[in-house]
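A.B. asks: pasted the sequence and its predicted model underneath.
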Amino acid sequence: MANEQPKESKNAGFGGRARQIKLGAVVVGALVIVTALYWWFFIRNYATTDDAYAKADSAMIGSRVPGTVLKVFVHNDFAVRTGQPLLELDPADYKVAAQRAKASLDEATADLKAAQVMVPPVNIATSSNVTAAQAELSGSMDAVTQTSHSIDQLKQARVAAAAELAQAARDRKRFAALSAKGAGTQRRQEEAQTAFDTARARVSGLDAQIAAQKSALAAASQQVARLRAQLQGVKSKRSDVAVQLHKVEGLQAKCERLKAELEAARLQLSYCRISAPIDGYVAEKSVQVGDRIQPGQALMAVVPLKKIYVEANFKETQLTDVRVGQPATIDSDLYPNHTFKGRVAGIRAGTGAAFSLIPPENATGNWIKVVQRIPVRIELDQPPPLRFPLRVGASLEVSVNIKNKNGPPLLHSTWTETSSQSKP
């Protein structure tokens, strides 16, 4: 009996340890199952990162013209709307420049009007002179033609008169011979002499008329030559009209140039008032009244908090199944009890290191592979509530549901040649 008691207690100890081992195995199995279920339902279909920050396409405010700050209408954290004045520069110099440009334009406009008024009179005067000279030349040429025709007629008449004179001379000679022989009468001889004298006088008259007409023709020809030269001179005066028209064109071009200069001066003047380009909140204001500023100098920023988005930097190993359009949840350290909803709007075309100021040079002897991070843009489904505004640069934790993989890994271009040509 003394030997059996220790044996029973030893068996009882082995049984207790066995039960403990079984219980531990059950607990471990349960933990494995729970962990597997948790991974299956809550981790497997999600890509999560805490390397995420709130961002916004802020507008950096600067001046287009140099000047001295006359007024500042806002301070840091002010809410502003599009077109609301932010600050004003001293406009005195730009007002003077605009007035000078306006005066130059008015002067050129007056010169243009005067030149335009002179065009019709010059045109009418030169045109009437040309018409008159052409009419006078035409009349002289008609006189030359008529005189030539008269000379031709007189020459034909002289031919006939010369024939009559020759016949009268033969008759006179014949009757004179008959009278000498006593065969003819004195009366007949006298009639023959009279006919001869008449024919000779007619020929002489025609010769005188022909000579007079030739003199008139020469004078008319000289008149035609003089009028032709006068017409050429008058026509040359028509170039005054072209000169006047070119002067008008030059003044028109000058007016257009001065209009552009006036518009530029007015634009410079309008740039003295700097307004908000977008809705948002003022930040990083670094300008005060009296400051002398230059174009391109950063004066302040306008942050559009209503259009804030999230930039989450995922490891490249996490982006295998991330697609555009997948839903995402965003948790902020600012608001532990509020979750923001959003969707993947785009995946960056390169890693953050590739676009850094000094990109890494991996083609070296000493190289260690480092998992890179790629920025993913996540846009909120709706602007943050007024009770939970996000600040630019705030730390966030992002979880993307990658269960639905039908979306594209890259955004599709919406640009078309037609739409681009329709824009000014």
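C.D. replies: Perfect, I can see it now. Residues are numbered from 1 along each chain as shown.
A.B. asks: which stretches of this protein form strands?
C.D. replies: All strands of the chain, identified by DSSP state E, fall at 46-55, 59-61, 67-72, 79-80, 85-89, 273-275, 280-283, 292-293, 300-303, 309-315, 327-332, 339-347, 373-380, 395-401.
A.B. asks: for those strands, which one sits closest to G250?
C.D. replies: strand 67-72 (35.7 Å; CB to CB). Every C-beta, even on glycine, is put in place using the N, C-alpha and C of the backbone.
A.B. asks: okay, the strands of the chain, which one's buried deepest?
C.D. replies: strand 300-303 (a mean of 23; mean count of other CB atoms under 10 Å).
A.B. asks: strand partners of it, parallel vs antiparallel please.
C.D. replies: Strand pairing for strand 300-303, determined by DSSP bridges: strand 59-61 (antiparallel), strand 280-283 (antiparallel).
A.B. asks: and the average pLDDT for the shortest one is what?
C.D. replies: The predicted model assigns strand 59-61 a mean pLDDT of 94.
A.B. asks: got a list of contacts for it?
C.D. replies: 86, 274, 276-278, 280, 298-302, 304 (CB atoms under 8 Å, 6 or more residues apart in numbering).
A.B. asks: off-centre distance for it?
C.D. replies: Centroid displacement of strand 59-61 relative to its chain, using CA atoms, centre = their mean, to the nearest Å, is 26 Å.
A.B. asks: of all the strands paired with strand 300-303, which one is nearest Q99?
C.D. replies: strand 59-61 (28.4 Å).
A.B. asks: now for L267: which residues touch it?
C.D. replies: Counting by CB under 8 Å, 6+ apart, L267 has no contacts.
A.B. asks: quick check: the gap between it and L410.
C.D. replies: 41 Å (CB to CB, to the nearest Å).
A.B. asks: what do you get for M141?
C.D. replies: In terms of CB to CB, M141 sits 88 Å off from L410.
A.B. asks: those two: who's more crowded?
C.D. replies: Taking neighbours as other CB atoms under 10 Å, M141 and L410 compare with M141 leading, 16 against 10.
A.B. asks: what about the nearest residue in space to the more buried one that is not next to it in sequence, how many residues close to it?
C.D. replies: Leaving out its chain neighbours, the residue that sits closest to M141 by CB to CB, 6 or more residues apart in numbering is V224, at 5.6 Å. V224: 19 surrounding residues under other CB under 10 Å.
A.B. asks: got it, and Q244?
C.D. replies: Q244 has 18 nearby residues by other CB under 10 Å.
A.B. asks: check contacts around the residue nearest to V248 when sequence neighbours are not counted.
C.D. replies: Nearest residue to V248, sequence neighbours excluded (CB to CB, 6+ apart): A115, at 4.8 Å. A115 makes contacts with 244, 247-248, 251, as judged by CB under 8 Å, 6+ apart.
A.B. asks: now do 10 Å
C.D. replies: 244-252 (CB atoms under 10 Å, 6 or more residues apart in numbering).
A.B. asks: where does the stretch 1-150 of the chain have low pLDDT?
C.D. replies: Low-confidence segments of the stretch 1-150 of the chain, defined by pLDDT under 70: 1-16, 37-43, 121-130, 133, 137.
A.B. asks: all helices for it, in order.
C.D. replies: 4-38, 92-181 (DSSP state H, counting those that start in this stretch).
A.B. asks: deepest-packed of the ones you listed, please.
C.D. replies: helix 92-181 (a mean of 15).
A.B. asks: could I get the strands paired with strand 300-303 in TSV, plus columns for distance to N406?
C.D. replies: Below are these laid out as TSV (distance: least, CB to CB, whole Å):
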stretch	distance to N406
strand 59-61	36
strand 280-283	35
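A.B. asks: for D152, find the nearest of those.
C.D. replies: strand 59-61 (98.5 Å).
A.B. asks: still on that earlier bit, in TSV: the strands of the chain, plus distance to I33.
C.D. replies: What follows is the strands of the chain, written out as TSV (distance: least, CB to CB, whole Å):
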stretch	distance to I33
strand 46-55	20
strand 59-61	54
strand 67-72	66
strand 79-80	54
strand 85-89	62
strand 273-275	64
strand 280-283	51
strand 292-293	68
strand 300-303	49
strand 309-315	28
strand 327-332	26
strand 339-347	28
strand 373-380	33
strand 395-401	23
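A.B. asks: contact partners for the nearest residue to V65 once chain neighbours are set aside?
C.D. replies: Of all residues not flanking V65 in the chain, Y271 sits nearest, at 4.7 Å (CB to CB, 6+ apart). By CB under 10 Å, 6+ apart, the contact list for Y271 reads 63-65, 67, 89, 91, 94, 295.
A.B. asks: need the max-distance pair from the residues you listed.
C.D. replies: So, the contacts of Y271 by CB to CB: farthest apart are P91 and P295, at 15.8 Å.
A.B. asks: neighbour count winner among those two?
C.D. replies: Remark: of P91 and P295, P91 carries more neighbours, 19 against 11, as counted by other CB under 10 Å.
A.B. asks: mind pulling up the pLDDT for the nearest residue to the more buried one once chain neighbours are set aside?
C.D. replies: Excluding the flanking residues, the one nearest P91 by CB to CB, 6+ apart is C272, at 4.2 Å. In this model, C272 is scored at 94, pLDDT.
A.B. asks: and K315, what's its pLDDT?
C.D. replies: pLDDT, K315: 92.
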